[in-house]
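In: here are the coordinates; sequence isn't available:
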């Protein structure tokens, strides 16, 4: 069995002397070469889950097991670019080696549609463009597993749909595994091979969407049906 | 608008000059207490001609650069150490706090005893005076690095040393530069004090000597020269730093 296994993952934060449980025993299997979307309203613990898998925080209890070795990248909610580096050097930042990666870097920048902005500095870009640089930085790293924390939240509608399509396309081409956190049901339905609904630190339900060859259309009856089901599960 | 902006500083200087001329013209103060601007200017040119002024400037400048460089290296090394080994702070923070509050000039009697009246004493005084502002700025720059950027380093598998050189150091650059400029200013203040007590050369000595000779005009020349040289070194300093870390301010990195 490949992928990543989460067993009874628990995490609490201490706030003002009292323990606030954020995740209360998550059991989840992240399959290889798929997009797993974690869906839930803000404060449900989805970002914490992502940070735990990414090793940015320590578990209180349970375990996270990687069955295969992964080169992991992380795209944060905010772009987190180095303000003293231009777009090119920010994308290069993740590579952390001296090899000639010119083609690589340029391809990543082109993919996120920022060709021509290589010399620009983060403060000269809009929030959405900064976020795209952050995505390019992750892509240039050529990861086999990407964790993404609402990466498209800062983008406008058109760029967002374009980036979603691009991500799906890249994922299928490269066979990358992705753990994607979002609060948008539409985004989850567009991207997810598996959608995990989280509420109050627990998995409420899971939904698998079999991979189709053509692009998903959320206006088709089956997706409308699924959207209703998710809304229902999340208690709307 | 641009010309107005450029002339504004000269208006301020002009007003001071006019007041000075006015006050001396009507002899509100004795010419010994406050010599006329022309008298000061005359002395200035005489001192330029004889070369004594250049010599004093050069000697003071060399002392400042030497003491400042040593202080900066010390501050940088200690600031780096403090950042990389934060648990060490408890051992020396009180000693540093104590030394920071001792005016370097109060150390002169001891330093003369220990190091003589040669160059060492002056260098030590400058180091004592300029070390702390630089050290504090450098530490502030290092410790205020955005933790979220450090996480990016973690995510891409950076080692602690790589995180230091590629995230902490560049993000602290502005604070380091500010610290260096303040340190340079403190160096100038300290050297003049040191030269007034324990020297036979330099701008500080020139001022004290002129006082003893009752040459108030030369005292004023000395003060003006110190101020101007101070401003010039700061400007040159900023110019060089901007060349080295080009675009730091224009690119929102400050």
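Out: Thanks, I have it. From a predicted model like this one, the values you see are computed outputs, not experimental measurements.
In: From now on I want contacts and neighbour counts done on CA atoms only, so please keep to that.
Out: Noted.
In: Any stretches of the chain with poor pLDDT?
Out: Here I'm looking at chain A. Counting by pLDDT under 70, the ranges of chain A that qualify are A:1, A:96-99, A:213, A:236.
In: nope, chain B please
Out: Low-confidence segments of chain B, defined by pLDDT under 70, span residues B:1-4, B:245-254.
In: Domain map for it?
Out: B:1-34, B:36-251 (automatic domain parsing).
In: looking at these, which is buried most?
Out: When the domains of chain B are scored by mean count of other C-alpha atoms under 10 Å in any protein chain shown, the highest mean neighbour count falls to domain B:36-251 (a mean of 18).
In: pull the longest helix from chain A.
Out: With DSSP state H applied, the helix covering the greatest number of residues in chain A is identified as helix A:157-174.
In: Run the chain-centre distance for that one.
Out: Relative to the chain's own centre, helix A:157-174 is displaced by 12 Å; criterion: C-alpha atoms, centre = their mean, to the nearest Å.
In: what's downstream of it, the next helix or strand?
Out: Stepping forward along the backbone from helix A:157-174, the first helix or strand reached (DSSP states H and E) is strand A:177-182.
In: if we can go back for a sec, could you work out which of the domains of chain B reaches nearest to residue A:164?
Out: Closest to residue A:164 of the domains of chain B is domain B:36-251 (C-alpha to C-alpha; 22.6 Å).
In: follow-up on the earlier one: what angle sits between the longest helix of chain A and strand A:177-182?
Out: With axes from the mean of the first three to the mean of the last three C-alpha atoms, to 10 degrees applied, the angle from helix A:157-174 to strand A:177-182 works out at 160 degrees.
In: Return the set of buried residues in helix A:157-174.
Out: Neighbour-count burial for helix A:157-174, with 16 or more other C-alpha atoms under 10 Å in any protein chain shown as criterion, is recorded at A:159-160, A:163-165, A:167-168, A:171.
In: so what's the residue nearest to the spatial centre of chain A up against?
Out: Centre of chain A computed as the mean C-alpha position; nearest residue by C-alpha atoms, centre = their mean is residue A:148, 2.0 Å away. The neighbourhood of residue A:148, defined by C-alpha atoms under 8 Å, 6 or more residues apart in numbering or on different chains, consists of A:50, A:74-77, A:178-181.
In: That one falls within a helix, correct?
Out: No: counting by DSSP: H, G, I helix; E, B strand; the rest coil, residue A:148 is not part of a helix but strand.
In: want to throw the domains of chain B into JSON lines with distance to residue A:68?
Out: Conversion of the domains of chain B to JSON lines gives the following (distance: least, C-alpha to C-alpha, whole Å):
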{"stretch": "domain B:1-34", "distance to residue A:68": "65"}
{"stretch": "domain B:36-251", "distance to residue A:68": "18"}
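In: Of those, give the one that comes closest to residue A:61.
Out: With C-alpha to C-alpha as the criterion, residue A:61 lies closest to domain B:36-251 of the domains of chain B, at 22.3 Å.
In: what would the buried residues of helix A:157-174 look like in TSV with distance to residue A:23?
Out: Converted to TSV, the buried residues of helix A:157-174 look like this (distance: C-alpha to C-alpha, whole Å):
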residue	distance to residue A:23
A:159	32
A:160	29
A:163	30
A:164	28
A:165	31
A:167	28
A:168	28
A:171	28
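In: between the residues you listed, which is closest to residue B:237?
Out: Comparing the buried residues of helix A:157-174 against residue B:237 with C-alpha to C-alpha places residue A:159 closest, at 44.9 Å.
In: now that closest one: how far from chain B?
Out: Going from residue A:159 to chain B by C-alpha to the nearest C-alpha, to the nearest Å gives 24 Å.
In: So for residue B:132, what's the nearest residue that isn't a sequence neighbour?
Out: Here the nearest residue to residue B:132 in space, its sequence neighbours aside, is residue B:100; by C-alpha to C-alpha, 6 or more residues apart in numbering or on different chains that works out to 6.3 Å.
In: count of residues packed around the residue nearest to residue A:57 when sequence neighbours are not counted?
Out: The shortest distance from residue A:57 to any residue that is not its chain neighbour, by C-alpha to C-alpha, 6+ apart, is 5.9 Å, and that residue is residue A:51. Neighbouring residues of residue A:51 were enumerated by other C-alpha atoms under 10 Å in any protein chain shown; the total is 19.
In: next one: the one 10 residues further on
Out: Burial measure for residue A:61: 14 neighbouring residues, criterion other C-alpha under 10 Å.
In: ok, it - contacts?
Out: Counting by C-alpha under 8 Å, 6+ apart, residue A:61 touches A:8-11.
In: So which of those is surrounded by the most neighbours?
Out: Counting neighbours by other C-alpha under 10 Å, the top entry in the contacts of residue A:61 is residue A:11, with 24 neighbours.
In: quick one: that one from chain B, how far?
Out: Note on residue A:11: its distance to chain B, by C-alpha to the nearest C-alpha, is 19 Å.
In: picking that back up, which one among the contacts of residue A:148 gets closest to chain B?
Out: The shortest gap between chain B and any of these belongs to residue A:74, at 6.4 Å (C-alpha to the nearest C-alpha).
In: Tell me the residues of chain A that contact chain B?
Out: Chain A comes close to chain B at residues A:54, A:56, A:72-74, A:80-84, A:94-96, A:121-124, as judged by C-alpha under 8 Å from any C-alpha of the partner chain.
In: Apply 10 Å and report the result again.
Out: Counting by C-alpha under 10 Å from any C-alpha of the partner chain, the residues of chain A close to chain B are A:54-56, A:71-76, A:78-86, A:93-96, A:120-124, A:138, A:141.
In: Which strand or helix spans the residue nearest to residue A:57?
Out: With the criterion set as DSSP H and E, the secondary-structure element containing residue A:51 is helix A:46-53.
In: Next SSE downstream of that helix?
Out: Secondary structure here is assigned by DSSP H and E; on that basis, the next helix or strand after helix A:46-53 toward the C-terminus is strand A:61-66.
In: contacting residues around residue B:198?
Out: B:108-109, B:112, B:116-119, B:121-122, B:204-205 (C-alpha atoms under 10 Å, 6 or more residues apart in numbering or on different chains).
In: Among those, which are located in helices?
Out: B:108-109, B:112, B:119, B:121-122, B:204-205.
In: for the closest residue to residue B:111 other than its chain neighbours, what are its contacts?
Out: Using C-alpha to C-alpha, 6+ apart and skipping the chain neighbours, the partner closest in space to residue B:111 is residue B:121 (5.7 Å). The contact partners of residue B:121, taken as C-alpha under 10 Å, 6+ apart, are B:107-115, B:127, B:194-195, B:198-199.
In: Quick check: closest non-adjacent residue to residue B:128.
Out: Nearest non-adjacent residue to residue B:128 (C-alpha to C-alpha, 6+ apart): residue B:104, at 5.9 Å.
In: For the one you found, list the residues it contacts.
Out: For residue B:104, the residues meeting the contact criterion (C-alpha under 10 Å, 6+ apart) are B:111, B:124-130, B:190, B:193-194.
In: And it, how far from chain A?
Out: In this view, residue B:104 and chain A are 37 Å apart by C-alpha to the nearest C-alpha.
In: Phi and psi next, for that residue.
Out: With angles defined as degrees, to the nearest 10, residue B:104 sits at phi -60, psi -30.
In: Which residue ranges of chain B form helices?
Out: So, for chain B - with DSSP H - the helices run B:2-25, B:37-50, B:52-84, B:89-101, B:108-115, B:119-143, B:147-155, B:160-163, B:169-197, B:203-212, B:216-244.
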